[in-house]
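Asker: Any chance you can model this:
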Amino acid sequence: MTTATTLKPSKLRIRAYQVGFGDCFLLTFFYPQAKKQTDKERHVLMDFGSTGMTKGVSSSEQMMKVAEDIREQCNKKSRKLHIVVATHRHKDHISGFATADGEGTGDIIAALGPDVVIQPWTEEAEAQDPILKDKGKKGATAAKQLVEGQADSATAKSLNALHLASLHDMHQISESMKAEVKHLRDKSKFRQQLDKSVTEQIEFLANDNDLPNRSAVINLAKMGSKNHYVKHGYPLNLLRQLPGVKVHVLGPPDLEQHAKILKQRATDEDEFWMLQAAAQQFWGLQAATGGLIQDFAANESRLFPDAKVFRNSPSHDRWFIRQLRAMRGKQMLGLVRILDKAMNNTSLILLFEVGNKKLLFPGDAQIENWEYALKRDKKADLPLLKGVNLYKVGHHGSRNATPKTLWDNFEHKGEDGKAQRLKTVVSTMRGKHGHEESHTEVPRETLVEALSEESDYHTTEEAAERHELYIDLEITFGK
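Answerer: Numbering: from 1, shown residues only. Now for the predicted structure:
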């Protein structure tokens with residue numbers, strides 16, 4: 001007799017939607033042996049967002065088509081969506097969950113009645129408003145203890161709250177950056193504009209990090225019957241929704257976990273998490289200053305309204321002003337890049353294990369997030385990652401999201417024709433993120449070359465070229 005506890009999926013279809021620069025994957029597990037029609041398919045939606053569509057494609061229309069296709073797939077047999085995963089709160093991963101008076105793409109997803117919503121620990125409602133007295137001083141002290149390997153559990157928990165406060169400040173900074181760039185690009189105020197490539201990068205990164213559309217966040221918090229806010233090692237049991245599927249949470253770690261690693265790496269000056277804690281006071285100051293800049297830019301008012309205005313200032317003065325504006329542009333770009341990196345490092349890293357097959361979905365996790373899993377005891381996560389059969393390429397193909405240690409560890413990569421060859425899939429769009437001259441372009445060409453040569457590589461760019469809505473991959477599971 002086949003019961004829910006003995007059910008095992010026979011195959012998995014991964015539908016990678018063409019959402020431009022963003023992520024949206026619908027995982028459909030097939031259970032042909034199930035007696036009920038509604039149990040024969042189980043659906044997991046991994047992210048749904050975009051911050052830019054290919055030329056000639058309407059973003060709103062494309063996202064609605066994606067939402068409607070997700071609804072159609074879920075309604076074929078199961079009549080529902082079982083699990084929603086939002087790896088982190090960047091717009092290119094959650095904007096599709098936004099609601100609009102019952103008619104938005106997020107309304108369509110919510111109406112499918114997901115049983116479970118999974119998000120990183122940084123999204124837990126109870127942790128959204130950390131209140132600590134004298135948090136700047138405590139943050140500096142706690143960070144010093146963390147670096148010296150002296151942080152106890154209570155100190156590390158305080159750093160968790162401080163880190164959340166920093167993330168909140170970063171959202172405010174993104175809003176002010178957008179307002180300031182708009183002001184500095186105003187042709188009525190400045191004859192010579194800021195470098196276009198710099199302002200475009202600032203606006204793109206700031207737009208991905210701010211939260212003008214909070215409905216997506218609110219919708220995710222309330223759409224599931226059960227919400228899990230997870231960190232590395234969280235005991236995520238989804239057997240009721242996905243019989244025969246084990247899910248490992250490999251990231252992100254919180255600061256309490258990462259402190260254990262730092263005791264052995266106290267002299268590492270590049271350590272990301274400790275710098276985030278130590279810099280909390282800095283981000284608070286930046287946010288406060290940014291608010292003043294945003295108000296000034298929005299009000300279109302003069303700082304000294306009674307002062308005389310000289311339209312034809314000396315050439316050397318004009319040169320000095322242009323240099324200051326250029327320096328400010330580079331400073332803002334540096335800041336928003338840090339913000340982007342910080343939010344990516346809150347991303348979930350999930351590994352699905354079905355029989356002898358393993359499927360890895362790391363969202364936008366970058367090296368600082370990966371570090372905890374990759375540097376733990378070699379008997380722990382690295383052997384688990386070794387046998388990965390499908391890898392969803394991290395952060396749209398950026399160089400910092402596929403650590404060399406991870407890539408070298410994959411045993412199924414290799415030449416074409418190899419049995420059980422690694423499958424890789426990326427959702428990406430060229431020309432939106434980073435620049436080739438700074439070796440930050442996404443997708444990174446050297447990574448794409450390695451993926452193409454040593455795996456069965458698939459990209460949503462294929463769908464974009466064919467003017468199609470998605471690409472499909474299939475994984476078959478052994479008995």
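
Asker: Not counting residues beside it along the chain, what's closest to Trp407?
Answerer: With sequence-adjacent residues excluded and distances taken as Cβ to Cβ, 6 or more residues apart in numbering, Trp407 is closest to Ala450, at 7.1 Å. Heads up, the C-betas are built off the backbone N, CA and C, glycines and all.

Asker: pretty sure the one you found is in a helix, no?
Answerer: Yes: with DSSP: H, G, I helix; E, B strand; the rest coil as the criterion, Ala450 is part of a helix.

Asker: What is the end-to-end distance of stretch 354-367?
Answerer: For stretch 354-367, the separation between the terminal residues is 26 Å (Cα to Cα, to the nearest Å).

Asker: What is the burial count for Lys222?
Answerer: As a burial measure, Lys222 scores 10 neighbours (other Cβ atoms under 10 Å).

Asker: Shouldn't it be within a helix?
Answerer: Yes: looking at Lys222 with three-state DSSP, it is inside a helix.

Asker: do you know how far it is from Ala216?
Answerer: Per Cβ to Cβ, to the nearest Å, Lys222 is found 12 Å from Ala216.

Asker: What is the burial count for the residue nearest to Trp407?
Answerer: By the measure other Cβ under 10 Å, the count of residues near Ala450 is 17.

Asker: ok, what's across the strand from Asn227?
Answerer: Val117 (DSSP bridges).

Asker: That one contacts Ala221, doesn't it?
Answerer: Yes: counting by Cβ atoms under 8 Å, Ala221 is a contact partner of Asn227 at 6.9 Å.

Asker: which residues do these two both contact?
Answerer: Residues touching both Asn227 and Ala221 (Cβ atoms under 8 Å, 6 or more residues apart in numbering): Val117.

Asker: sorry, back to before: I'd say the residue nearest to Trp407 and Asp408 touch.
Answerer: No: at 10.5 Å, Ala450 does not count as touching Asp408 under the criterion of Cβ under 8 Å.

Asker: all strands for this protein, in order.
Answerer: Under the criterion DSSP state E, strands of the chain are mapped to 11-17, 24-30, 41-48, 83-85, 116-120, 226-230, 246-251, 349-354, 357-361, 390-392, 423-426, 456-459, 470-476.

Asker: okay, the ones you listed in TSV with distance to Gly104 and mean neighbour count next?
Answerer: Formatted as TSV, the strands of the chain follow (distance: least, Cβ to Cβ, whole Å; neighbours: other Cβ atoms under 10 Å):
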stretch	distance to Gly104	mean neighbour count
strand 11-17	17	21
strand 24-30	15	22
strand 41-48	11	27
strand 83-85	15	24
strand 116-120	17	24
strand 226-230	20	18
strand 246-251	29	22
strand 349-354	26	21
strand 357-361	25	22
strand 390-392	26	23
strand 423-426	27	23
strand 456-459	28	20
strand 470-476	20	15
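
Asker: Count the residues that sit near Leu239.
Answerer: Using other Cβ under 10 Å, Leu239 has 13 neighbouring residues.
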